[in-house]
Every structure is written in structure tokens, then in C-alpha cells.
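A.B. asks: Model the following, please.
(one chain, ligands or ions: 1)
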Amino acid sequence: MSPASDNALAQNRPGQGETPVEDHAGNGGELHQDIAPDAGHDDADAYLTDNFGHRIADNQNSLRAGERGPTLLEDFVLREKIFHFDHERIPERIVHARGSGAHGVFECTRAIPELTKASIFQKKGNSCPAFVRFSTVAGGAGSIDTPRDVRGFAVKLYTDSGNWDLVGNNIPVFFIQDAMKFPDLVHSVKMEADRGYPQAASAHDTFWDFIGLMPEAMHMIMWAMSDRAIPRSLRMMEGFGVHSFRFVNARGEGRFVKFHWKPVLGIESTTWDEAVKIAGADPDFHRRDLFEAIAAGDHPQWDLGVQVFDEAWAAEQPYDILDPTKLIPEEDIPVEIIGRLTLDRNVDNFFAETEQAAFLPSNVIPGIDFTNDPLLQGRLFSYLDTQKSRLGTTNFHQIPINAPKCPFHNFQRDGMMQTLVPTGRANYEPNSLAEAGEASGPRACPETGFASFTANAERNDPAQKLRVRAELFADHYSQARLFYRSQTGNEQAHIASALVFELSKVQLGHVRARVVSRLRNIDEDLARRVAQGLAIDLPDKAKAAKAPIDMPPSDALSIQKQARDTLEGRKVGILFAEGSDKASIDTLKAAIEKAGGSVFLVAPKVGGIKVKGGTLKADGQLAGSPSVLFDAIASVLMPEAAEALSKQGAAVQWFMDAYGHCKTIAHCKGTQALLDKANVEPDDGVVRIEDFIKTGAKRHWAREPRIRDLA
Ligand code: HDD
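C.D. replies: Got it, this is the predicted structure:
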């Protein structure tokens, strides 16, 4: 052994060399390269190897010509390691780049064979594995979790008749009606082309310029400016398939269907101020919340609901059901629950699973079919195409997260990164190789295979080729008005403020004015509020291609009207300090956990603090655990501790924010000095510790007019 390698080996052994080697292996403190061949290890998996199975003797030092000499090209271990590392990143998704995924299971809770022949819905209790990826749309993969943005809600069900991907959003409508406009929409919302900012934000010139010129976007704008676009948790948002799809039953009869995911924990949102502060306090807020909930066994669930209707009903509506900027009010067609999705397992490897997951709206199963929605039709091409450029090969379906869990066989062959090894000569069809005793490969199955649905009306369609939009697609405002008028007073104020905020960031005056001129078609009061907020004159009303109509308000469109009074899945921050009463904290914690919530203990120091009744360790330090991270807060403090904390900005802000974000604040008598300093005034949501469970973690919106101008 040369002196150089002798020295290197010594450095690999903690305690022997000069540089102790840290545990980079993440394998419980065991360093592979520390295991000497004579250490009695016979487990071949324990040895580090290169990608071709050669054992590696030294993972710390590259091969040098002499102790202080240059590195040798011959060092295949170094070259392979750096080569692989250099290529670790793949192109990020052009939209929905930042996402979080989890595994789960989907179960049919109501059989609906009369509506669809989809195998999963033939029997109550049928189930299949699932994978879900939630995402923001505009930001890059490393952007924050809480911008004002639409959230992707992509579900992959690995059914026994193939994968069904329902690639939806947390908003039931879309910005545009035709896929032709998608690249323009995305270009306008992403960072501006010359300056490379803003990241993950729609509050800039190009987005609002495009939106102002596209009146069809106005309905979705109402949703995007509402609290739906600043969700509290991925576990507490609705999902929507957006388009009208088709259910087809065994008799070949088709009906339209819209898909909904209803969160069992209810819908919750943040306030804008809170979302902005969370972005700083914890940019991974949603990702962490999802991961930790699943790891703790709090498995988030959604009910799958459907709105089913036929052509005759569709023809009577004042909107076109093929138009993806329109929803169907639940009051008109109730949402019927047919299944439940449970996310019960985190991914083992973020890249291999979440990043490489490829969703395709074209992945449907027999019993579910597309419609002529022009946005959906374009999506059917885009996703397949993008996976090739993202994942590099047409064989992306072989990556485990994408592969169906039912058998698949066809005559597609070869291509980059082919991992299957088909045997025999049969790679074409038809063939008669069976007659020669050879395997002849799979054949089409007309009885059970996917057969595209042809509606009666479409059968007689002369199939003219036209670049047109159907007439009712021209009603751009009725449903934007429906959405706005279905909100509570606070929610309407949030929409107005969001519009003022976003348009204040717009530099171009004519773009601002144009958007406000469109708002006048939605609601005059909204337009006036926004114009006043921007300090501009109310512009003339934009000409509407089709005059809007009034639809009856729908409570299902409001978050606040559906608010669920529960502690389930909610996180409560409890502040304590030296001298706090441990028994009160323990009692409160137990009660919250019994009600399905979780507790996060916050103190000025984390290492362990002397309290009445022992020592207590906090889960987080005060300045690093602002109250925006919790759904409600409580405090158990001695008056002296509260007095001392009232001189600390982080403590005062803790209460000020919780109050400003309309959260429940439960406190003991001792906390008063801090409450006074934070201007916390008594109301229904500011309660004594004993009343916390009764009050719960709901928001106290009645407080809002006292802390914010809602005019
Ligand atoms: Fe899309 C990704 C949802 C319209 C083109 N889209 C993507 C994802 C979601 C949606 C959730 C992320 C999937 C994942 O987690 O990997 N997209 C929608 C919804 C739409 C929609 C609900 C309207 C109803 N999308 C849409 C159109 C086009 C695309 C009209 C193009 C014509 N979408 C894409 C894409 C992406 C994508 C470029 C980027 C990454 C990917 O597909 O896999 O192909």
C-alpha cells in the first residue's frame, strides 16, 4: 500500500485520522467505507459499489499522482460519481413545477354500474392503489408553498383496467376555453421574459395584461383572487376534474360527469397577510404539513363526488357544459359521493416518485371518456408530449411510479432506457407465429377494450372543420358574478383586496383600467371598491360579448359558509415559559389531541425549561415558530413571564398575528400583559384556556372589520 492510500484509509476511520468523517451515509451512523473486509460483514448490500457493481475502497479521496499531485483521468470512481451528479436534475415541469406527492388507496363507496362500466365502480368496496401530487402552478420547483395561486390536484388511480389519471385543480373552472391559448396564459403568468421575476406570483404586468384582454378568464379570476387560492393545508382543499367528462355504461349509454374531491377535514384557507408571513417562516409549509400528517398516521381523506347529467339537461342550461370556464352549481345537480381517497404513505424518494410522476389526462379507463371540451382535447396531446421532454424517453411509463399495476403488453418496442426484455419474434400484429408453435403476443379485445363513445348527436354531426367557439362560450361574466355574489361579506372584501394588491403591482395604467372595466360586468360594487383601492376613476364598462345573467347564489362556492367547526387535523400552538403550569398544559394538550387536533409547544428556548411541576421541552423556539404556522393558539404563562415577553417583538407579534388572522386565542390570566401589548381585544374568539375546546380552531370573521378596512 502506498503512503498516500495509507493516509487516506486512516482518514476514513473516525478516531484514527486527523479528520473525523461525519456520517453522510444516512444509514444510522454506519459508514460503508468504514467496514473493513475483515470486519466479519458478509452482507454484500452493505458495500458501496459503482453503478456496475464494482466495490469501492475509498469514497473520500480521488486518485492523485502523488500526495499533492493532480487528479488522474483514470479514476473511474470519481468520474462516474461526478458524471451522475452533473445530470441529477431533469427539466422541471413548465407549469406545476413545485409539488408534493403521497401514496394512498381509493375505495368505491357506492356502486354505480348503471352509470359507468368502469371496473372500480362496479362493486362497493372495490379498491385500488393511488398516487396524488399537489402543486402550485406558476413558481419553479424551489419556490414557496403559499403564493396566491391555483393548486394542482393530480390523482393517479392504478385500477385493474389500467391507470386513470384525474388531473385537476383546486378550482372547478379554468382561465381559458381553448388549449390554443395555454402557452400564452402560462407565458404571461410566469416570470417576465426579460427580467426573470417575479417568481411564483401573478401580481405583475404581463399576467394582468393578458387577463384584461381575455374576458373569458374573469370567472376563474374571481376564484384566484378569493381565499381558495391561499389554502391553509393541502389536506383541506377541494379538488375538481374541471372538464365535463363522460360516464359510459355497459349498454354503451353515455352521460356527462363532473368530478369533485371533497376534503373530509373541511376547507380552510389563510388570510393574505398570513400566507405572506408563512412564506418567510416556512417556505415548505404545505409540503411539511402533508408529510408530517401522513407520517403521524393522520391520513388525509377526500370523498369522490360526481355531478351526472344528460344531454337534454345540458341543452337547457344558460351556459355550455363543454366550456371549462363554467361550473355546474351543486344546487342544480347535487354532488353524489361514490368513493373515498385516503393518503396513507409518504414517498420513499422524492425524485423517483413525486418528481418522476407523469400524469396524463388521456389515461382513462373503459367506462370513462372525454368530451369535446376544446381545452381537454388539447390537454390530451400536451401531457404525453411533455413527459418525453421531461423524462427523456418514450419509456417513461416503465418508471415504477408511472407503470400500471395491472399487466400491460403490446408491440411497442425499444427506445431509450428500455428496461423490459420481450422474448420471441412476435413484435408485429397480425402474425401467425402461433401456427409454428411460437408465442404470438397479445391481441385486441373488442368486448372489454376501450371503445370511444360516440354520442347520438355527434353521430349525425357532419364534422365540419371550423376554428370557432360555440355561441354560449361568449358568456364570460354570469358565473364570475355567481361566484362573487355567493361569497360572504368578508370573502367579497378579500377578493376586492386581492385585486387591489395585484393591480397595484401592475405598472401599466391601461392594464389596470381594463381589468376594472371588466369587473363592472361582474358586480358594480366590486368594480367601485377596486377602483377606489387603486385611486383611479371608474373606467367605462367593458363591452360584453354576451350580456351576463343573474344566477341564484350557491353556498357551495363559499368557504366560510361551509366552515366546519372541528379540531380534527388542526394544529394548535401553545406558548409557555419559565414557571408555567405544566398540569394546565398537559390537560389542554390531551383535550386537543382527543378532539383530533395536534399540539406544538412553543417557548422562548427549546432545550428544556423549568416549569411548575417539572421541566418541559418545547417543539419550537418562539421566533422560529410564529403563530401563522398554527390554526389556533393558546398560552399558559406566569404574569412575570408575560411581562418579560411583552418586551420581545416575536412574542407580541405572536398574539398580534393570531388576532389579526381571526384565530382563536386561548389564554390564562397570567398572559394579560402580553395581550394588552398586542392590542388583543376581548371577543368570542379570545377565551380562557378552559373554554378552548368549546371554541375550537375556527376563524372568528366577525372580528375582521375591527382590524381591517373591509369597505
Ligand atoms: Fe395542465 C401539468 C392541471 C390545462 C399542459 N396540469 C398539470 C398538472 C396539473 C394540471 C394538476 C400537474 C401534474 C403533476 O402533478 O405532474 N392543467 C390542469 C388543469 C387544466 C390544465 C386542471 C385545465 C382544466 N394543462 C392545461 C392545458 C395544457 C396543459 C390546456 C396544454 C395544452 N399541464 C400541462 C403540461 C403539464 C401540466 C405542460 C406540465 C407538466 C406536466 O404536464 O406533466 O403538459
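A.B. asks: Give the residue spans of the protein that score low on pLDDT.
C.D. replies: In the predicted model of the chain, residues 1-42, 455-464 satisfy pLDDT under 70.
A.B. asks: Where does it get nearest to the ligand, residue-wise?
C.D. replies: Nearest residue of the chain to the ligand (Cβ to the nearest ligand atom) works out as residue 152 at 2.7 Å. Any C-beta I mention is one placed from the backbone N, CA and C, and that applies to glycine too.
A.B. asks: Any idea what that residue is bridged to?
C.D. replies: residue 135, residue 169 (DSSP bridges).
A.B. asks: Do I have it right that it meets residue 137?
C.D. replies: Yes: in terms of Cβ atoms under 8 Å, residue 152 counts as a neighbour of residue 137; the distance is 6.5 Å.
A.B. asks: Now the most centrally placed residue in the chain. Nearest residue, chain neighbours left out?
C.D. replies: With distances taken as Cα atoms, centre = their mean, residue 134 lies nearest the centre of the chain, 2.5 Å away. When the adjacent residues along the chain are set aside, residue 134 lies closest to residue 234, with 4.5 Å between them (Cβ to Cβ, 6 or more residues apart in numbering).
A.B. asks: Just the C-alphas of the strand or helix carrying residue 220, formatted as CSV.
C.D. replies: Assigned by DSSP states H and E, residue 220 belongs to helix 218-224. What follows is the C-alpha trace of helix 218-224 in CSV, where atoms were taken according to Å, rounded to 0.1, in the frame of the first residue of the first chain:
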residue,chain,number,x,y,z
MET,A,218,-63.0,36.6,-15.4
HIS,A,219,-64.8,33.7,-13.7
MET,A,220,-61.5,32.0,-12.8
ILE,A,221,-60.1,35.4,-11.7
MET,A,222,-62.8,35.6,-9.1
TRP,A,223,-61.7,32.2,-7.7
ALA,A,224,-58.0,33.0,-8.0
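A.B. asks: just checking, what packs against it?
C.D. replies: The helices and strands touching helix 218-224, judged by 3 or more Cβ pairs under 8 Å, 6 or more residues apart in numbering; DSSP states H and E, are helix 478-485, helix 509-522.
A.B. asks: Any idea how many residues pack against the residue of the chain closest to the ligand?
C.D. replies: The number of residues packed around residue 152, counting by other Cβ atoms under 10 Å, is 22.
A.B. asks: ok, which stretches of the stretch 101-250 of the chain are strands?
C.D. replies: All strands of the stretch 101-250 of the chain, identified by DSSP state E, counting those that start in this stretch, fall at 127-136, 151-159, 162-169, 239-240, 245-248.
A.B. asks: Kindly report the residues of the chain close to the ligand.
C.D. replies: Residues of the chain lying close to the ligand by Cβ under 6 Å from any ligand atom are 93-96, 99, 133, 135, 152, 154, 167-169, 174, 179, 182, 242, 324, 357-359, 375, 378-379, 382-383, 386.
A.B. asks: among those residues, which are in helices?
C.D. replies: Using DSSP state H, 182, 375, 378, 379, 382, 383, 386 are the members of the residues of the chain next to the ligand that sit in helices.
A.B. asks: Identify the residues contacting the nearest residue to the fourth one once chain neighbours are set aside.
C.D. replies: Nearest in space to residue 379, with sequence neighbours left out and distances taken as Cβ to Cβ, 6+ apart, is residue 361 at 4.7 Å. Applying Cβ atoms under 8 Å, 6 or more residues apart in numbering, one finds that residue 361 lies in contact with 165, 167, 376, 379, 380, 383.
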